[in-house]
Structures are given as C-alpha cells and as structure tokens.
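*Asks:* Kindly return the folded structure for what I paste below:
(3 chains)
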Amino acid sequence: MPSLLSLSLSLLLLFNGCLARQSSEQQFQFQNECQINRLNSIEPTSRIQSEAGTTEWWNPNSQQLLCAGVSVFKYQVEPNGLVLPSFTNAPQLVYIIQGRGIQGTVMPGCAETFQESQQGQGQQRPGRFQDQHQKIRRFRQGDIIALPAGVVHWFYNDGNERLVTVNLLHTANSDNQLDNNPRRFNLAGNPEEEQRRLRRFAQQQIQGSRSEREEMEEEDDEEQDNRPSRKQSGSRHQQQSSSCNNLLCAFDQEFLAQAFNVDTSLIRRLQEVRGQKGSIIRVRDRLDVVSPPRMEEEEREERQQEQRYRQRHPFGRDNGLEETFCAMRMKENIADPERADIVNPQAGRLSTLNRYNLPILNALGLSAERGVLYNRAGTVPQWCINAHKILYMLEGRARIQVVNENGDTVFDDNVEQGQLLTVPQNFAVLKQAGSEGAEWVSFFTNSEAANTPLAGRVSAIRALPEEVVAASYQISREDARKLKFNNEDTFFFTSSRSERRDEA
Amino acid sequence: MPSLLSLSLSLLLLFNGCLARQSSEQQFQFQNECQINRLNSIEPTSRIQSEAGTTEWWNPNSQQLLCAGVSVFKYQVEPNGLVLPSFTNAPQLVYIIQGRGIQGTVMPGCAETFQESQQGQGQQRPGRFQDQHQKIRRFRQGDIIALPAGVVHWFYNDGNERLVTVNLLHTANSDNQLDNNPRRFNLAGNPEEEQRRLRRFAQQQIQGSRSEREEMEEEDDEEQDNRPSRKQSGSRHQQQSSSCNNLLCAFDQEFLAQAFNVDTSLIRRLQEVRGQKGSIIRVRDRLDVVSPPRMEEEEREERQQEQRYRQRHPFGRDNGLEETFCAMRMKENIADPERADIVNPQAGRLSTLNRYNLPILNALGLSAERGVLYNRAGTVPQWCINAHKILYMLEGRARIQVVNENGDTVFDDNVEQGQLLTVPQNFAVLKQAGSEGAEWVSFFTNSEAANTPLAGRVSAIRALPEEVVAASYQISREDARKLKFNNEDTFFFTSSRSERRDEA
Amino acid sequence: MPSLLSLSLSLLLLFNGCLARQSSEQQFQFQNECQINRLNSIEPTSRIQSEAGTTEWWNPNSQQLLCAGVSVFKYQVEPNGLVLPSFTNAPQLVYIIQGRGIQGTVMPGCAETFQESQQGQGQQRPGRFQDQHQKIRRFRQGDIIALPAGVVHWFYNDGNERLVTVNLLHTANSDNQLDNNPRRFNLAGNPEEEQRRLRRFAQQQIQGSRSEREEMEEEDDEEQDNRPSRKQSGSRHQQQSSSCNNLLCAFDQEFLAQAFNVDTSLIRRLQEVRGQKGSIIRVRDRLDVVSPPRMEEEEREERQQEQRYRQRHPFGRDNGLEETFCAMRMKENIADPERADIVNPQAGRLSTLNRYNLPILNALGLSAERGVLYNRAGTVPQWCINAHKILYMLEGRARIQVVNENGDTVFDDNVEQGQLLTVPQNFAVLKQAGSEGAEWVSFFTNSEAANTPLAGRVSAIRALPEEVVAASYQISREDARKLKFNNEDTFFFTSSRSERRDEA
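*Replies:* Sure, this is the predicted structure:
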C-alpha cells in the first residue's frame, strides 16, 4: 500500500508543522519575554542605504529588546547629508557618537521664534522676505538629544566628518498607545526600504517563534513582503508614483492643494519623489539656515529659563506639552570629562543625565549615562532597581557579567565597540574594561534610574549591619567588616588593587 | 480504496481547520492590533431593546476599537424613560446627541447635598420627611458628561423628544484593572440581554480570528451562549428568579435584609424583577426629583469652586477621589457656536474639551472635540501626537483620508451620519465635508490631546526652515515659501480657495 | 485493513492533541484573565523548607491572582531565624500575622545613619571600631511593612514565638518592568528550592492551559525542571559550587575580589555556601544589632519628619527615590483596636492604611485594610471602584458572596483561617462572620482604594433620589425610603437586627 504510506508520511509532516508551531511558545512572548536564560551582545541586522547615509536597525524582536520594550537604530550621515523630517511613535534618545550638525524639532503649538532674512541669496522677490521657523539647535559629539513621541525632527550634518548617532526608541513607553512595533512616519522622501524592513520585523513578531527569530537575525529580507498592494488600499482616486511613500504622497492631490492653498502642479511635484534616495539625502548647496549664533549663550539662556520655571513650579508636572516646553532644553552634552558626576582618576568616570538635569526627560520617562573605564578598571556589581539598561559600547571593550534571579550568569563575555547589550531591570551586572579601556553610553527606561551597587561606599552590603553580613555569609565579623569597608570607592574598582591584594 | 480516500479527505479537512486557526494570527491581536492596513467606518452591530429605549453597541472586537482600547455604545431613550443605575469598569465620556434630561452620579464618600421636601405628593407620612441625595444635574444636547470608572450613574429623559447619546468607554485606561472587555454592573432592572451580548463579545475575542470577527460584524447571537448555568455557580443557597440579573439579585435574601435592615419580603420584591424591561424603563408618573433650580447659577457656582480650588492647588494632582471632587463639574456643553475655540466663518469651527477646561478629564485621561464644517470645506491634514481619536459623525458627511506609517491610505471614503471611525495615534488624517456640511464629535484617549497640522498657520511645515522644506521636497525656495505661508488658516481650508487657485 | 485503522487512530489522537491545545484558550490568559465565572478560596500550593523556617507560595497562575496581577507568599520563621537579604521585582506589602522582630531595608543612596560601637564583643581590633549601617526597624504583630521594588530587605525573629507573615507582591505594578512572573533576587544563602518553584510557575504559565493549571494546584514539582544547566550558560570562566545560587555566587571570583578589595580567599568562602539551608537560616548567637532604642520615640520622630515634609511639599510627588525618602516611615500597625477608622461596638471594626496615613504607599500604588467582625455580624455589600482586593483570613471564618458583572454569584462559601480570596475590581462582595467572628487583612492594588457600599449610611442607594430608587426597583416610595435610611451604619450590619426584624 504505497499510497497509504505516502499519505501517512505527508500527513505526519503536516502534523509536524502543526505541532511544531504549537510548541514554539511564540504566543507568550509578550508575557515571558523577560524569562531570560541567555543574553548576547547584539549588532544591527538591517542596513538601509540612502543617498547620503545609512540607517541600521537592531532586530526589535530580539528577546532582550522585547523585554526592555525598546528598539534601537544607528544613523551614519555623510557631510552635507540631511535626515529628512519624520516622527516616531515613541520617545527617542539620540546619542551623537561622532560629528556635529544642526537639528530641528517641531513642537506642536510653539511659535516660530527664529527669523531669517534672505540676504545673500539675491533672487526672487525684492523687499527681503523673512523666513520664520521654530528654534533649531547645534549639536556635537557627546550630546544626548531627547525627542518626544509624535514630534517631527530632522538632522543635518554641516560638519566635515561623518555624523554617527545611536537612537533609542522606547516603544513600551506610555506615550505610545499603538502596539509595541517601532514606527516612523515620514514627511518627505522615499523611505520605502526602511518601511519594508520595519513591516518585516512586525511580521516576524507575529509569525516567528523565538528560536526562529534568533536564527533570522542575519539579513534575509528579499522574500515574502505581505504588504497590501496599493490597489487594495481603499478607493484611492489618484494613483501616485509608487516610489513616494511619505505622508504627503498618500493624500489626494486636490485636497492637498486646497489645504496648502497652492497649485495642484506644486503638489504633483511634491508627490513625484525622484529616485531611490531614501530618507537621508544630499543637499546640493549647503543648507544655509539661521542657526543659534552663539551656542553657549543660547544654552545658558535656556538653562536660565528652565531655572526660573522650576522656581515658580517646584513640584509641577512637566507633561511635555506645556507652554514653557517650547523653550525647554532638549539636549545636553555628557561626554565632557569636566561634567562627570562620579570620577576616579585611576578607574574612570560616569556622567548621568536624568530628569533633574534635563527636565524634559521627566516627560519622556528615560535617562542616560556615559561611562569611561581606564585600563582594566571596572564598575562594581550592581543592579538597577527601576529600569532596564541598554548599553552601547562606544570605544574599546569590556568584559561584562550579568546575573539573573536564579543566580545564573546569563551573560559573561566581552562587549565590543558597536555592540549593544540589554541588562534587564534588577539583573546584577559587573563590568571590567579591557587593556585599552572602555567607553559606553547606557540608556535607562526611567527618568531617574537608580542603581544599587553590591560593593563600595554606597553599597547594599555597607548598608547592612555587620552582624547581618556575617550571619548571611557565615563569615567572621572581621571578614564582614572587610566586605563592607575595604572598597572606599562608590562605583569603581581598579586592577591595581587586585595586584596589591595579591601581594598582601 | 474508498475508505482510505474518505479518511484522507476528512483528515485533510481537520488539518485545514487546524492550520487555518494557526495562521489566523488571532493570538497576537493584543500585540499587533494597531498593524492596520485598512480601516472601515463602522456602525453598531448589536441592538438591545428595552422598555423605553434601546442600547446599541459597536463590536468592541473590531480591529480599530481594539487598537484604540475603547468600546462605544449609543442610547436612545423615549420621553419619560429612565436609564437604570449602573456603573462600568472604565471611564466614560457621554455626548448628548439629542434631547435633554436629568442625570445623577454617585461619587463615593460624597455627601447628600440635595434635600427634598415631599410636598405636592400628598401621601404617606405626615410631618414632611425630607429626602436627601447626591447632586443631580440637568443636561441638554451638546453636553459632554464625564463618568469615572466604577461610579454609579443614571439618566432620565424629562423632555418631549427622544434622548440620544453616544458613549465612549476607555477600557485601556489605567483606571480599569480588569481585562480589556467592556463591563456594565447593574444595580437594578433586568439587563440580561445586554449582558449576553457583552459576554459574546468577550468570547469572540477569545475564539475568533480577526477575519472571522469582521465577518461576524452582522448580528447573529442566538447561538452558543456558553454562560455557566446558575446551578454551576457555586453553592448558592437560594435560587432567585432567573429574570433578575442585577447585583442585588445575586446576594442572599437574608443577608440583604440584614444589610438594609428591612424585611425579607421587601428584598424579595426587589429580587422579583417583573418582565423583560431591560435597563431602560418607562417611569409611570414623571420623575419628580429636585433638580438644580437655576441651571446657569449652578454651573457658575461650580466653576467658581473649581477656580478657587485651582488657585490653591496650582499643580495638584486631581486624582479623581479627592474631597473637592464632590463638587466638581462633570459636564460642559461644546455645541454652542459661541464657545468654539477655532472659528473660520467660511469653513467651520472647533470646540475642544480637555483637562484645562474640564479638570475632571485629568483624572479620566480623556478629552473631546466637536467640529463643524460648512459646504465642502475641510480640515488640514494632521496627526494626533499623543492619543487615538474616535470620530462619530453627528450630521452630514465628510470624505476622510487616513494614512499610516507606510504612507498607505488605509481609509479613503465618506463617513456618514451615525458612523464611527478611529484614527490611530500618529496616523495622518484629512477631512472634507460634503456639500451639506458635516458635524462630528471626536473623543481622544488623552486628557490633553495635541494635534500637529501639516498645513496652515501652526503647521509642521511652517515650523521647518524654508531651506529644509525646499531640500526635503526638492522644490525651489519660492515653492517652499508657498507651502509654508499660503494657507493662513490654522486648521481649515475652503473649497473656494481651490477655485481661486484654479483660476490663477 | 488493520494498519489503516491503527494509522487513522493514531492520527486522530495526534489531531486531538492538536485541537485540544487549540481550544485551551491558554493564549488569551493575559487578555481574559478577569473573565471570571467562578472563584475559589485558595491556599498555598508550594512549601519550601529552610533551616529556620518555611516559605509557602500561592500558585501565581491561579486565575484570580493573574487577574489581580499579584503573587502571595507566607513566611514562618523560627525564633532566632534570619530571612536572608533579598529583593523582589515588584513592590511588597508584608503583614505580620504573629511574632515580632527586627527588619532592615536598604534604600539606595541613603546614608548609614545607625552607628554601633562594638563593646561587649571584646575581640579583634582595639580602638572600638564603629559599625555603620542604614536604619533598622522593630516590628510586631499587626504591622504592615511596605517594601519598594528592587530594594534589599531582611527580617530577623528576635522573639520567643514563631514569626508568621503574609506577603503580597504586586507584579502588575508599573514599577515592575519585567514580565508578570514573581522574582526574588537573593544576596546570600542557597535559595535553590524557591528558585526552582518560581521557575516552574513561570513555565506553567507558558505551557499550561487554565484548566490544567487548576488541576495542578496540588504539589508535584519533582519532574521537568527545564532550567539550563550551568554549562550552557555562556562562557563562565570558573565553575562555582552548584549549591550556591545567590547573586554573589554567579560573579567571577577575581572580579569580586577586586570589587570588594578583599582577598580571593574571602570571596571563595562567600561562594562556598554550606549545606541546603535555604533562605531562612538560624543565627548561631543572637543577632546583636543596634535597634531603635525607644520604638515609640523613633516612630514619633519619623511622623514629625513626614509632617514637616508634607507641609513643605503639599502636592509633591513622592516618587519613592527622593532624598527625604531615606527617613520615611515604612510601616504602621493596623491591628490596634484604638486605631480603627470605623467602629461599631456590636459589629466590628475596620482599620485602613493608604497613601494618606502611610505616604510611601503613594509610590507603591498599594493599600491595605484590617477588619474584625464579631459573632455573625457582617459588612454590607460593596464594590471597590479602583482596585482589586486580596483578602487573607487571619482568624475565624466568614461566609462571603462575590457577584460579577452578569449578576452571577461567582463565590458563595466560607473563607477559613489561612485562606485567600481575590475580589476583582468592581465585583460586589458581602461578608458575614461565623459565630466565632472573623479577622482578616485585605490588600488593595491602589494607594487609595475606594469602596462604594450598596447599603448603609454612605451607600450608593442612599445617594440616589428616593424616586429613582422607587422607579428602579418598582417599589413604593415608602419602601424606597426604608432601603435608603433603615441601616444607619456605614459598613456593618448585625445579626441582632435581623432577629429584631423577624419579630417585627
């Protein structure tokens, strides 16, 4: 009975598929994403080429990013490149890894406070028409820029070197009422390729089991893009160029012409996006916008406004949309060694940015830290009591150990330059730089992340009575005293000590 | 081998079922409900007849309502009809589409400030016993009434025309710690049919895949009501009348008699609900309660109290339960043309209601807007940065376009009177009224929803530097200037302009 | 054709499995956990023996606990027993059922304000080295202790009787950014058995359907522990003793030695946890820590500080991490009859603890109540408008009825000493003590839980106009008046009334 056999075989194969999917546990990813037995340092999996730069996305479906409720991507922008205006469905923190530039953020309801006279252009109308627009800001290496959800922003590289940024998108933030998928809404350009990748990530989240997902972390996204063809999408009256995928392209030409009160021909030109330039384009001439003439003065004034506001509203809720928000600081440099909050000349330094020193973070529910470790120095074991920590290694390398609630070491490896590692809330972590030192930026999913060190001057061990330490570890009170008091540093340890110890 | 064939066929059918359910993506509805490729304007799917009116529910499992985390229903109440006291598991906004009446809300812990002498009834006891109860309020067409979660409320139509309301229930609100299903807890009456429909919605959410669900949007709910029979539900000592389904019916008669300190016979009468009158009953004589004698004075006084409170607590958290809450305003009329916040005599007007002009909304996390567009005028393309928008068309019709993050037009159709359309957070939307104009009310899932227009005087385009606009769209600076400055209106455009333009 | 038959049978069995899992609804537990048709009073299912006590966990996957988003466990600690330092991923409320002791909480960033001179120990160093540690507190029967998420705490039984506590862990709290599983991070000891049980609970949540889960409520956890073997967990350089499972054991010895600046040999001793003592150990000599010399004075001072703080910051957000937090009260006794908020000498008394009388609860989003009912007295039917209620019966028994939104009695049974019952938000509940009376503690998932009684002096019925009551229940106005006014008590009813009534 060969037909019976073949039938049974084919059925079993079918069954296999059926049962395999059953047991894949995929349907519980939301509930148990933080049931972490193993962590990996991860690198971007999707690289999108634009005319004047690239966008690289980490796979938002990697377990650690799902657990933390964040997505991460990286911009590389050539000199004279413009990251076209867009907004995202979740608040962002942007760290400027390299380069400098000009940046604009469109706060809804805020005035156009920057005026520009068009001298030096010598064309068009007489009588010096003045352009007006919202505040724009200079930024440079080491800046953190805070971007609220739904707020339009653009970046322009007016420097001579490549601009590199790493961007954290907190999709689990309460400001995002859509689902957990990262979304970018583009006001201009042809962002089709990025849209396609983000759609694929969303599909993977639906279809893929966790194990499959991890295999898929390498790039393979040519196939199966289930996007509904344009024809399906309702009764669109005019079919625009299919190479235009930004918000403006999708509206009816007539309506847009009326809304902007311009000729239909101008709208047609807007919607005829030329070429596959992506979302980072090269500006033909240099962008000649009015930028803050004296950066330091500008910042000083912002800080003064902020202080005045806080004196008047000592416990006010900065809800992100108040009038005073229009003038609020949205960035701060955390790379300057003089700004560091915790310094150990032998070991390294830490700069933290939270709702106290950048009040807009209160509205965003995020904070950040920039750290530096010198040759083989380390940070003491510690855990963050109220936030996930997403660490990006800027330079050098560090060996990192992460321990979960079972006392299992879920990560014990080097994190290299350009790699990302998530330390989930409450998981204990210890870091030791390699011989070349290490520099990193960490993002936290809380506007005032609090870390408890296990060792050192402000540690949990020191806060415990000596007798409790002795009894807990079944050691002598003398040993307990050593544990409590021997490391006088707050967050650091140095390798030199270990040498000293070995000699002792 | 016919048996083999039939076996294989039946197995394949079984498999089909198995695999079909596999691929239905139902298990991810929670995570990807906002992965929206297509929107529809929707109408109520379940109509529940009561003695003196009807309740119509939109299917809460429609993708757009699941994404927004809301449920919507509509009351139609005959003159002299009483919507019996009940409460819901989530905060509500009620818009009075038509009619007028009296309304009571039972705030926990607040005093019975209304006293009533029973003159004019000429019965019962001598000595004029005074009834006492909590504040009751008059309402009329155009009012928005805010109802916190878990708080008892009732409505009475004391007018001569039918009372019609549309009610939004924000189940995704943090005040609802139960799951996402809409729930009504009834203090009186026989709400069996509504309970049955709501149970079916909850079951559909469990069982149905999204595609199935959409097919089911028409009415078919006679079958498969899996409700546990009364006998299963524990060791109930006395079996009450099965036609009684409110909270009071379920408790033991003896206990209730003790709790109310009344005869068991009175409790028995309470629990013998007569007939299938549902949750809206006809009052035999007119309801003769003390209502605020001078509505305007009452409101004025409430506003004064509110202002005094806010002066004392400029940044206090109105958490919905504070003492001063007892006297707080819970309604405001947003239909009055004089109240409009944004007016364009040629195009239309907008009235917004948010936590600044109705502070209780701060506690509820909701806001609303009422809009009017005249003949073929429109509102500029815009998106809401921090809320979903649920639009209900009150009169006329408008053609609406909605665009998602991929630049796909997920909706492009007319929304007719009585239809509902959800615009998810960040999705861009454009509206143009038909020749008869359009009036609508929109609910927002945020107490201070913020919209960013793409065109007009406060738009994102105008906030961008001219050079950035020119570079982004690859147009001349002159064209960029037109885009930025040609529409001097804030939120509207008129068809006349388009005509003017075509002539130009 | 026997082979065909057997094939078809085996296939059908396979199918069965496939379809059974399909219909198990397990994948929707998150969304519909509160679709409750039946409640049970529940007892602990897992008992973990330690050297000087036991830890008993209720199954966190029971539907009612999943719905409420809480986990519950119970400590029993022998005299001289020390619950080793640990922290959890969610805020805790601890109720001291029996006994007394000393407790320490390590608030991050707070100073070591307790100094201790080592006289009376006569050993080690001359010159009286002073130990320093954070504040420690005495506690006694009837205390509620509030523990923020991620914060280290320890308990020591310095009394002569067994210490018994019931602990609520609010995993659905926004302070927990991990998933819904309860987690304990141990700083010391060998907590392997508890870790194994908690891992099994997490696996059950993934694998088990609800029905299976309920069957599993009895103990059977020897099998299938899928924990990754130590070897799998990354590139751990040194393999420590497998009987050590606390946070300190998982880190590299060399690193820890450097971090604590001590000899590697001391670290080795820390990591060599001896024996299977679990997380509650017996202290050899009595623990001789400095405890607050005069408990009452200490508390008085804390209250004064608190008051001063609140005067300065009348509406400030107590975010749990502010500097003043270091000195904040973390406990209050709610068993003292004199402290009761609501007293009826015939019926019983209620003591409530919320953000107003213990401000730290504002940060935790939790509150509690302790209640006493005398012989056959009861509490009136009521519902909590803004929180789930988790009731633990301390002494005696009460018959409790719980009613859901469908008017179904989902619970009607006695709750006995040591049993737990969850009353979901908005569900109505009525309680009558047995002849021996009843005492309970209830936890609420809101820092100011508000209950609306159906009967009595502050009830919903009394807040309604008499005419509305009469019309709603189709009773006379006289009867309506009885319902409203006959019970003059606020929350209680007595059985004597019922007797009086029967005589009438």
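*Asks:* Provide the count of other residues in contact range of the residue in chain A that chain C sits nearest to.
*Replies:* Among residues of chain A, the one nearest chain C by CB to the nearest CB turns out to be residue A:385. It sits 2.8 Å away. No exception for glycine: its C-beta is placed from N, CA and C like everyone else's. Summarising burial for residue A:385: neighbours were counted as other CB atoms under 10 Å in any protein chain shown, giving 24.
*Asks:* From residue C:88, how far out is it?
*Replies:* Taking CB to CB, to the nearest Å as the measure, residue A:385 falls 11 Å from residue C:88.
*Asks:* Residue C:108 is in contact with the residue of chain A closest to chain C, correct?
*Replies:* Yes - applying CB atoms under 8 Å as the test, residue A:385 and residue C:108 come out as touching, 6.2 Å apart.
*Asks:* Which neighbours do these two have in common?
*Replies:* Listed contacts common to residue A:385 and residue C:108 are A:450, A:451, A:452, C:151; contacts here mean CB atoms under 8 Å, 6 or more residues apart in numbering or on different chains.
*Asks:* Let me know how buried residue A:87 is, in neighbour terms.
*Replies:* 26.
*Asks:* Next: residue A:79.
*Replies:* Residues within reach of residue A:79, counting by other CB under 10 Å, total 18.
*Asks:* helix, strand or coil for it?
*Replies:* Under DSSP: H, G, I helix; E, B strand; the rest coil, the three-state class of residue A:79 is coil.
*Asks:* tell me the phi and psi of residue A:152?
*Replies:* Backbone dihedrals for residue A:152, given as degrees, to the nearest 10, come out at phi -70, psi 140.
*Asks:* one step back: what's around the closest residue to the residue of chain A closest to chain C other than its chain neighbours, how many residues?
*Replies:* Counting by CB to CB, 6 or more residues apart in numbering or on different chains, residue C:150 is the residue found nearest to residue A:385 once chain neighbours are left out, at 2.8 Å. The local packing count at residue C:150 equals 24, with neighbours defined by other CB under 10 Å.
*Asks:* repeat for residue A:338
*Replies:* Residues contacting residue A:338 under the criterion other CB under 10 Å number 7.
*Asks:* Stretch A:80-98 near chain B at all?
*Replies:* Yes - if you take CB under 8 Å from any CB of the partner chain as the test, stretch A:80-98 does meet chain B, through A:82, A:84, A:85, A:87, A:89.
*Asks:* nearest to chain B, of the shared contacts of residue A:385 and residue C:108?
*Replies:* Using CB to the nearest CB, residue A:450 comes nearest to chain B of the shared contacts of residue A:385 and residue C:108, at 22.3 Å.
*Asks:* Which parts of the stretch 401-504 of chain A are strands?
*Replies:* Under the criterion DSSP state E, counting those that start in this stretch, the stretch 401-504 of chain A contains strands at A:409-416, A:420-423, A:428-444, A:451-453, A:492-493.
*Asks:* which stretch among those comes nearest residue B:466?
*Replies:* Between residue B:466 and these, the shortest gap by CB to CB is with strand A:428-444, which sits at 34.2 Å.
*Asks:* what comes up buried for the closest one?
*Replies:* Residues of strand A:428-444 classed as buried under the neighbour-count rule (16 or more other CB atoms under 10 Å in any protein chain shown) are A:428-434, A:437-444.
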